[in-house]
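Engineer: what follows is a predicted structure for the sequence shown.
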Amino acid sequence: MNIKFYFYDVRHVLIDGKSCIELYGINKEGNKLCIVDEFNPYFYAEIDNDLLIDKISKLNIKDGDDEISVLSVHKINKKILGIDKELIKIVCNKNSDIHKIRNEIKYAVLNTYEFDIPYTRRYLVDKQITPLTELSLVCDELGSEDDLIPRYKLNEIEFSSNKVDGNLVNTLKILAIDIETYYSDGGIDDFTEPILMISFYSNNFKKVITWKEIDGAENLENEKIMLERFCEIIKEINPDFITGYFSDSFDFPYIKKRADMLGVSLKLGDGPLEIKNDSVRIKGIVHIDILKFIRRTMSSTLETQTYSLNDVAKEVLGEKKLEVNLSNLSVAWDEDNKSDLKRFVEYNLKDSKLTYELFMKIFPNLGAMVNLTSLIPFDVNKGGFSQFVEWYIIYNTKKYNEIILSKPNYHEQESRREFRIQGAYVAEPRPGIYKDIIVLDFTSLYPSVITTHNISLDSLRREPKSSLNINPENDNLWFSKKEGYITKILSELILMRKKYKKELKNSEGDLLLAAKVGMLKILANSFYGYLAFYGARWYCLECASSTTAFCRYYIKKVISETKDKGFDVIYSDTDSVFLTLGSKTKDSAFDFLDETNKNLPGIMELDYEGYYPQGLFVLSKSGVGGAKKRYSLLKEDGTMKIVGFELVRRNTSPIVKEVQKEVLNLILKENSPDKALKYVKNILDKIKSKQISNDEMIITTKISKPLDQYSAVGPHVVVARSMEAKGNKIKPGSIVKYIIKSGEGIIREKASLPEEVDAGDYDSDYYINNQIIPAVEQILRVCGYEKDQILGKGVQKGLGSFF
DNA sequence: CATATTCGGGG
DNA sequence: GTGTACGAATATG
């Protein structure tokens, strides 16, 4: 029979002692299927004696009660970084045989290759198939092991598309979930308090289950029955994807822990929940922790400073969480406050809704990365950029008959870690306010440099001989004319992006194509970092250091040329220069751009980034010279671009969070840094005169290990110990609250329990200098206000009032 | 100065 | 059947 099939998960399974592949996915009608395929694992060896072929093929290794033998051995031609190699291919029964056989022959052969490729990925690379794309399969029906997912045996792949289907997301069943838990002062990290409600959100299914009578929710007898109902609902919906926000580290591990405590057997997909290194996998269902993907892969395209669901949803969807005071949930639960609980039910459902919509929004990006790397969605969600680059390269080895290089072992990685390379050139700005700023930058500087100068492991030469592609800072390093493997792959990638970009112009609404263009850019930009990544298979530190050397050379060249033309260069960072026009016109800048581009080699290109009526560069912390990577620009539309400040983290007092929020609001929304300064000064006065209540001063910190294991005693440890002395139970995950009391000594000596501090008896200086100032200093500095001014000590310079 | 610890996300 | 997070900030020593 013929099946049009879209798979989204691949697994290894042993059938009659042989490794086989399971592909999970849906057919055209959206029904979930499992396709089983036979696929023999293998690896390669290099030998200098043909007699070994016969010897290896007759190998028989005792492995406990088992005997491991080799299925077949034959000669094969491969390339290692462009150089032809005759190897033998050793085919095994089980994937786990590979390393046992390799260990057995390691010393008899010259070298071994591709013994460290995970089985399921090996299959996709060999077959050159990609998840989420259409496959046309010839199959036979197999007796289904259970009624949830019918199984078929694969006979032939008739056709495979190489494009992720954009409409697929409408056929797939996507389910978002979210839990709310009881919260006590013991914290939520040990997952021991009960789960109070669970919400589900899918396009045609919206529900909250709980174990109290609450309007708008399904009421179940107790938590245990609620968890059983949770499994039942998931079985009924039988989703293809389950998504949650931080669900790898919170929702699912929490559900698992409670299920274990209550004796519920948690069966969701086609097997038990697998929790491994901070990720949760479900057989037959793809679990995507959407936070992970957004934080890892999408962060460069987002402005948000925090990755809370609320902030991310606000930016990506323009929608916020329901406003509730979560610390009241447990109270409302205990007191059975129906109206409050109803609100929490709505809150719970809204979280799932936002998660669902975020998933739909980023699915094209996830799909694009799946398409480019051929990694399953689960791995794309988990992986970082070096993984993406590496699997992109690996997927392309087949085309060139290239050997996949081996991963460095632990010791090799350790020794690689010791090296650091010189990075980009960052100029020190002269502090001050500038008018009429033009910013020029190189388009995709790193990828352009790598391809233009043929930077690759196999083109690298280490002797002072050539006049070609010489590292501008070390003439012992140069790159040959013959295109290197890495360069070839990257050039193709850049060409592909250009092609898609063109196509995109004719099909504006193609979200997947747009995502692909975006992901290709990210991927291209990651090649440089990959070359320097200690875990990389195609690692080349000299390639990476030559790349940055070329980059420094080019940007410095632009700086000196613009200076020659009479522009004033005020700042430069990595790939961009900031010029002031002075008496020159914008057109003269464009002329410079044209002239420069005529002379740049290869695909190198300088671009016009933008015009800013005004910009401010501030003094560095040391007070000598300008601060790098910290400035603010006034855009033509009147809004401000502030670069180089970070938000404070949460283990600060409420007053700090409040002040920082208001300062940003005054600067970014009201464009009024001077109001922000006044506001901060006012708060400082209030702290000094003890007008701020103690509650606002409470610092919250989490205990992360048993108290007796602390060698360094911080304020939170001191407080935790005194809490314990009073009979409180302190364990890892416990939340400690304290106030820094006024008085003498180091901080931990002044850390006290909130109830032991009289009103106003907090250390004003500590809160001003260690809490408020660090939180707002960076932001205000970038707007031209120095610390002394905030404290009211210095002269009122008022640079910020220029904006 | 180096070293130890915590944070993020989640309730 | 991969394993690896990580990079910055803050306080103590």
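Structural biologist: Yep, that arrived. Numbers count the residues shown, from 1 in each chain, chains lettered A, B, ... in the order given.
Engineer: just give the nearest non-adjacent residue to the residue of the stretch 401-550 of chain A found nearest DNA strand C, would you?
Structural biologist: The stretch 401-550 of chain A approaches DNA strand C most closely through residue A:535 (5.0 Å), counting by CB to the nearest atom of the strand. From N, CA and C alone the C-beta is placed, and that goes for glycine too. In space, and not counting its chain neighbours, residue A:535 is closest to residue A:413: 5.9 Å by CB to CB, 6 or more residues apart in numbering.
Engineer: isn't the one you found up against residue A:536?
Structural biologist: No: with contacts counted by CB atoms under 8 Å, residue A:413 stays clear of residue A:536, the gap being 9.6 Å.
Engineer: ok so, going back, tally of neighbours for the residue nearest to residue A:535?
Structural biologist: By the measure other CB atoms under 10 Å, the count of residues near residue A:413 is 15.
Engineer: helix, strand, or coil at residue A:648?
Structural biologist: For residue A:648, the assignment made with DSSP: H, G, I helix; E, B strand; the rest coil gives coil.
Engineer: give me the nearest residue to it, chain neighbours excluded.
Structural biologist: residue A:775 (4.5 Å).
Engineer: which SSE is residue A:121 in?
Structural biologist: helix A:119-127 (DSSP states H and E).
Engineer: compute the inter-axis angle for the next helix-or-strand element following that helix and helix A:119-127.
Structural biologist: Proceeding N to C from helix A:119-127, the next assigned helix or strand is strand A:133-141, under DSSP H and E. Strand A:133-141 runs at 110 degrees relative to helix A:119-127, counting by axes from the mean of the first three to the mean of the last three CA atoms, to 10 degrees.
Engineer: what is strand A:133-141 packed up against?
Structural biologist: strand A:2-15, strand A:151-164 (3 or more CB pairs under 8 Å, 6 or more residues apart in numbering; DSSP states H and E).
Engineer: could you tell me the least trusted of those strands?
Structural biologist: When those are compared by mean pLDDT, strand A:151-164 comes last with a mean of 91.
Engineer: centre of the chain versus it, how much separation?
Structural biologist: Offset of strand A:151-164 from its chain centre (CA atoms, centre = their mean, to the nearest Å): 31 Å.
Engineer: can you pull the buried residues of it?
Structural biologist: A:151-152, A:154, A:157, A:164 (16 or more other CB atoms under 10 Å).
Engineer: which helices and strands sit right next to the helix or strand following it?
Structural biologist: Downstream of strand A:151-164, the next assigned helix or strand under DSSP H and E is helix A:168-171. Applying 3+ CB pairs under 8 Å, 6+ apart, we find helix A:168-171 packed against helix A:338-373.
Engineer: the helix it packs on: which residues count as buried?
Structural biologist: A:340-341, A:343-373.
Engineer: what sits up against stretch A:615-633?
Structural biologist: Here stretch A:615-633 makes contact (CB atoms under 8 Å, 6 or more residues apart in numbering) with A:426-434, A:437, A:570-571, A:573, A:578, A:612, A:614, A:634, A:640-645, A:778, A:781-784, A:786, A:799, A:802-803.
Engineer: would you list the buried entries among the residues you listed?
Structural biologist: The buried subset of these - by 16+ other CB under 10 Å - is A:427, A:429, A:431, A:434, A:437, A:570-571, A:573, A:578, A:612, A:614, A:634, A:640, A:642, A:645, A:778, A:781-784, A:786, A:799, A:803.
Engineer: which residue is nearest the middle of chain A?
Structural biologist: Centroid-nearest residue in chain A: residue A:296, 1.0 Å away (criterion: CA atoms, centre = their mean).
Engineer: could you check the pLDDT of the spatially closest residue to it that is not a sequence neighbour?
Structural biologist: Distances taken as CB to CB, 6+ apart put residue A:384 closest to residue A:296, at 5.9 Å, once the chain neighbours are dropped. As predicted, residue A:384 sits at a pLDDT of 85.
Engineer: now residue A:384: how far from residue A:295?
Structural biologist: 11 Å (CB to CB, to the nearest Å).
Engineer: kindly report the same for residue A:494.
Structural biologist: Relative to residue A:295, and taking CB to CB, residue A:494 is found at 26 Å.
Engineer: these two: which is more packed in?
Structural biologist: Neighbour count, other CB under 10 Å: between residue A:494 and residue A:295, residue A:494 has more, with 21 against 14.
Engineer: so which bits of the stretch 251-400 of chain A are right by DNA strand C?
Structural biologist: When proximity is defined by CB under 7 Å from any atom of the strand, the stretch 251-400 of chain A lies next to DNA strand C at A:277-278, A:379, A:382-384, A:386-387.
Engineer: quick check: residue A:679 touching residue A:666?
Structural biologist: Yes: assessed by CB under 8 Å, residue A:679 is found in contact with residue A:666 at 6.2 Å.
Engineer: and these two? Which one has more around it.
Structural biologist: Between residue A:679 and residue A:666, counting by other CB under 10 Å, residue A:666 is the more crowded of the two (20 against 17).
Engineer: what are the ranges of the strands in the stretch 451-600 of chain A?
Structural biologist: A:460-461, A:478-479, A:568-573, A:576-580 (DSSP state E, counting those that start in this stretch).
Engineer: what angle separates the longest one from strand A:576-580?
Structural biologist: Right, the one you point to is strand A:568-573. Using the same axes, to 10 degrees: strand A:568-573 against strand A:576-580 is 160 degrees.
Engineer: alpha carbons of strand A:568-573, in PDB - could you do that?
Structural biologist: What follows is strand A:568-573, C-alpha atoms only, in PDB (Å, rounded to 0.1, in the frame of the first residue of the first chain):
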ATOM      1  CA  ASP A 568      34.600  61.900  11.800                       C
ATOM      2  CA  VAL A 569      34.600  58.300  13.100                       C
ATOM      3  CA  ILE A 570      33.100  58.300  16.500                       C
ATOM      4  CA  TYR A 571      32.700  54.500  17.100                       C
ATOM      5  CA  SER A 572      33.100  51.100  15.700                       C
ATOM      6  CA  ASP A 573      32.100  47.600  16.800                       C
END
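Engineer: which neighbouring elements make contact with it?
Structural biologist: Counting contacts by 3+ CB pairs under 8 Å, 6+ apart, strand A:568-573 is packed against helix A:541-564, strand A:576-580, strand A:606-619, strand A:626-634.
Engineer: list the buried residues of the first one.
Structural biologist: When burial is assessed from 16+ other CB under 10 Å, helix A:541-564 yields the following buried residues: A:541-552, A:554-555, A:558-559, A:561-562.
Engineer: need the max-distance pair from the buried residues of strand A:151-164.
Structural biologist: The span of the buried residues of strand A:151-164, defined through CB to CB, is set by A:151 and A:164 at 24.6 Å.
Engineer: follow-up on the earlier one: mind putting the helices and strands packed on strand A:568-573 into a markdown table with distance to residue A:72 and mean pLDDT?
Structural biologist: Formatted as a markdown table, the helices and strands packed on strand A:568-573 follow (distance: least, CB to CB, whole Å; pLDDT from 0 to 100):
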| stretch | distance to residue A:72 | mean pLDDT |
| --- | --- | --- |
| helix A:541-564 | 38 | 94 |
| strand A:576-580 | 57 | 94 |
| strand A:606-619 | 55 | 89 |
| strand A:626-634 | 58 | 82 |
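Engineer: out of the ones you listed, nearest to DNA strand C?
Structural biologist: strand A:626-634 (10.9 Å).
Engineer: quick check, the closest one touching DNA strand C?
Structural biologist: No: counting by CB under 7 Å from any atom of the strand, DNA strand C has no neighbours in strand A:626-634; the shortest distance is 10.9 Å.
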